[in-house]
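> Sequence isn't available, so here's the structure alone:
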Ligand SMILES: [Zn+2]
C-alpha cells in the first residue's frame with residue numbers, strides 16, 4: 001500500500017502527507033504518520049507529541065472551524081423540492097460536506113489504531 005492510499009491517522013481522509021508526531025522543529029528524526037493536508041497544516045508546530053493528544057486537539061479545532069456546517073439543519077425531500085435547482089444543489093453540496101466533516105470529527109474522537 002503506497003502512502004497516497006493510506007487514510008489520515010487523525011481524521012480518516014486521504015492521508016497523502018506525512019505528519020511529524022514530534023514537530024521537526026523539536027526533533028529532526030521524529031516518527032511520521034500519514035495525514036491529510038488540513039490535519040498536517042493544523043498540527044504543524046503544535047506541541048502535542050502523542051497521537052491521542054493530536055487527535056483530541058484536531059477534534060476541537062474542527063468543531064469550531066466547521067460550526068456553521070455542523071449546525072446546518074437537514075432538509076427533507078419535500079423541502080428540497082420547494083427550492084430552485086441552483087439552491088438545491090448548494091444545499092445538497094453543503095449537506096455532503098457536513099456528512100464528511102462529521103465523519104472526520106468522529107474519527108478524531110476514536111481510539112487510534114497506531115500505537116504511539
Ligand atoms: Zn486528517
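Yep, that arrived. Nothing here was measured: the structure is a model prediction, and the numbers come from that model.

> what's around residue 19, how many residues?
By other Cβ atoms under 10 Å, 24 other residues sit near residue 19. Every residue, glycine included, has its C-beta placed from N, CA and C.

> three-state assignment of it?
strand (DSSP: H, G, I helix; E, B strand; the rest coil).

> Around the ion, pick out the residues from the protein.
8, 10, 11, 13, 36, 39 (Cβ under 5 Å from the ion).

> Mark which of the residues you listed are part of helices, please.
Secondary structure from DSSP state H places residue 39 of the residues of the chain next to the ion in helices.

> what ranges do the helices span in the chain?
Using DSSP H, helices in the chain cover 37-43, 51-65, 67-70, 77-81, 85-108.

> Go through the ones you listed and pick out the most buried.
Of all the helices of the chain, helix 37-43 carries the top mean neighbour count, a mean of 18, counting by mean count of other Cβ atoms under 10 Å.

> one step back: let me have the helices of the chain in a markdown table, extended by mean pLDDT.
Output for those, formatted as a markdown table (pLDDT from 0 to 100):
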| stretch | mean pLDDT |
| --- | --- |
| helix 37-43 | 97 |
| helix 51-65 | 96 |
| helix 67-70 | 97 |
| helix 77-81 | 95 |
| helix 85-108 | 97 |
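
> Now tabulate these in TSV and tack on distance to residue 29.
TSV is the format used below for the helices of the chain (distance: least, Cβ to Cβ, whole Å):
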stretch	distance to residue 29
helix 37-43	18
helix 51-65	18
helix 67-70	38
helix 77-81	53
helix 85-108	26
